[in-house]
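Quick one: sequence and predicted model below, then my questions.
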Amino acid sequence: MKLLTRFLTVFAVTLALIAGPVLSAFAQDVDPACQGLSAADCAILQSAMDAQRRLTSFSVPAWTTNFYLTAEQETVFFEARGSAAVALPAELTALRDAFLGVETVTPDTLLAFLDQIDSATVQTILNGLLLSLVVDEFELETPGESMAGGGALLFKDSAVYLSLPAPSAENTWFGEPLEITESDLAELDAALAQLRVALLDEEMDEAFDAAGALLTMQQDLAALVQQHVTTTRLPDDVLGDQPAAVFTTTFDLKDLLADPNLAPTLMTLLENLAEQSPDMGELELNQPQLQLVLVALNLMLTEGAFTGSQWVGLNDGYLHRVTFDAVLNFDLSLFGDEAEDVPAGPVVFSASFAADLEDFDAVTPDQITTPATFYPTGEIDNFLVGTPDQVEGVVAVGDVINRTLPFEGDTHLFALPLEAGESITLTLESDGYPYLSVYNPDAFLTDTLSIYSGEPLTFTADSAGVHFITVEGYSGLSYRLTIGAG
């Protein structure tokens, strides 16, 4: 297993080192990302990305994402869909545009940037900022749990709102304004002043010089990665009422791992990193060893591909749709059958994301309404977040439930219909130490019972409706829950 751990560690380091160049390629921030395109097509794509970076607002009428992982014959699956909207106040877009206009970040350019910010600016930005994320539906499947529901997150008028699902299939809003006192504003101004002073220190110049040297070291790796990133223009599409140019960028990780120049390039980067960072210590890996590990990783990685696509409106020049897909498949049989702790079967990972974009520079905070009623966010700790899929079953007075919680942190959830004023007595017995909670029909905590007390819990319903009972364990255990009349 030590060999497997070492291989996976080197793989993680390799992936981390190339992540920057790859993400830059998918973001289409630099001309090399247009590799494979004509000059005219590259200009279309670069112009769209520039326009996107200058937006003050936009909406996402639809987005979808999914995540799939299988290992050791167990699977985790997540899928969600929803919508979103963003509106940036003028003060924030002015700061963003000023920062984007800086070609080289130095202490002097940062100081000039910070001179434009004070506590009043921050407060104005928070008052005008709009961020809205709606999850219409999500589904989560794990070996021990299944959930499906929806929710929302909203930041508007310097307040945060959160919509959470409950086992009753109803969502509940929570909200809290950001209370910024005069003392908070004074502390912020003092912190900004200290940062400005720090930027004038000689040590800051040394730190920036070191960062610049590190960036230079990464350029060779970026250039190597670019050779395995290709952008192509597909046949035009039609989105809404305008034609759209479609571009697809692909990165083949297996192809990069097989590149004979990867090992020497990575080795040079690691050696320079060690020189720049004495805390790293001496490298325990030489180039032949690194080359061997990369070959093994390439054999183990049966598929490693990343694909991103962009739809550019040919009338307005904006990005109207983006997608991203990633696939990583590992065959661990390379490490032999004798190692009992090597996961059985392949390890498969896939993820995807897609979003439609519209309403460019046309979204205002007034278009998004805040919830009319909501609970303070401090009440979230007393709220039972969940979905109807998690309910083990409906129980009634007179029932005796014998169950087993197989592992630490496991929870059983039961639905109990009650009339207003109806009293019940809950008795919990176990070979371990479970604890029980009772929630009202609105999914807020009303009472708890710990087996440590040795006493049953008598509970009276304040209102009619389906109440909820949870039984949780600090460890795996068996229990008996008796529901009697109060």
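Done, it's in.

C-alpha only now, for contacts and for neighbours.
Fine.

Pull the number of nearby residues for F468.
Neighbourhood size, F468 [other C-alpha atoms under 10 Å]: 25.

do G82 as well
Neighbour count of G82, defined by other C-alpha under 10 Å: 20.

Check which element follows whichever helix or strand it is part of along the chain.
For G82, the host element (DSSP states H and E) is strand 74-87. Using DSSP H and E, the helix or strand that follows strand 74-87 towards the C-terminus is helix 90-100.

Could I get the CA-only coordinates of that following helix as CSV?
Taking C-alpha atoms only, helix 90-100 is exported to CSV below (Å, rounded to 0.1, in the frame of the first residue of the first chain):
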residue,chain,number,x,y,z
ALA,A,90,-20.8,50.4,-9.8
GLU,A,91,-18.3,50.7,-7.0
LEU,A,92,-17.3,47.0,-7.4
THR,A,93,-17.1,47.0,-11.1
ALA,A,94,-14.9,50.1,-11.0
LEU,A,95,-12.5,48.3,-8.7
ARG,A,96,-12.6,45.2,-10.8
ASP,A,97,-11.9,47.1,-14.1
ALA,A,98,-9.0,48.9,-12.4
PHE,A,99,-7.5,45.6,-11.3
LEU,A,100,-8.0,44.0,-14.7
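
Determine how far stretch 34-44 lies from the middle of the whole chain.
Relative to the centre of its chain, stretch 34-44 is centred 31 Å away, using C-alpha atoms, centre = their mean, to the nearest Å.

Can you pull out the low-pLDDT segments for this structure?
The chain contains residues with pLDDT under 70 at 1-33, 209-217, 276-283, 334-345, 408-409, 453.

what ranges do the helices span in it?
For the chain, applying DSSP state H gives helices covering 2-27, 39-53, 90-100, 107-114, 119-128, 182-199, 202-226, 253-257, 262-276, 287-300.

What helices and strands are in contact with the second one?
What it means is helix 39-53. strand 301-313, strand 319-330 (3 or more C-alpha pairs under 8 Å, 6 or more residues apart in numbering; DSSP states H and E).

same thing but 10 Å
helix 90-100, strand 229-239, strand 242-252, strand 301-313, strand 319-330 (3 or more C-alpha pairs under 10 Å, 6 or more residues apart in numbering; DSSP states H and E).

the inter-axis angle of it versus strand 319-330?
100 degrees (axes from the mean of the first three to the mean of the last three C-alpha atoms, to 10 degrees).

got it, and the fifth one?
Taking the same axes, to 10 degrees, helix 119-128 and strand 319-330 form an angle of 90 degrees between their directions.

What helices and strands are in contact with helix 119-128?
helix 90-100, strand 145-156, helix 182-199.

what do you get if the cut-off is 6 Å, keeping everything else the same?
Of the remaining helices and strands, those touching helix 119-128 by 3 or more C-alpha pairs under 6 Å, 6 or more residues apart in numbering; DSSP states H and E are helix 182-199.

Kindly export the helix it packs on (C-alpha atoms) in CSV.
Output of helix 182-199 as CSV, limited to C-alpha atoms (Å, rounded to 0.1, in the frame of the first residue of the first chain):
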residue,chain,number,x,y,z
GLU,A,182,-19.3,52.1,13.4
SER,A,183,-16.7,50.2,15.4
ASP,A,184,-16.6,47.6,12.6
LEU,A,185,-16.0,50.3,10.0
ALA,A,186,-13.3,51.8,12.1
GLU,A,187,-11.5,48.4,12.4
LEU,A,188,-11.8,47.9,8.7
ASP,A,189,-10.2,51.3,7.9
ALA,A,190,-7.4,50.5,10.4
ALA,A,191,-6.8,47.1,8.8
LEU,A,192,-6.6,48.7,5.3
ALA,A,193,-4.2,51.3,6.6
GLN,A,194,-1.9,48.6,8.1
LEU,A,195,-2.0,46.7,4.8
ARG,A,196,-0.9,49.8,3.0
VAL,A,197,2.0,50.3,5.4
ALA,A,198,3.0,46.6,5.0
LEU,A,199,3.1,47.0,1.2
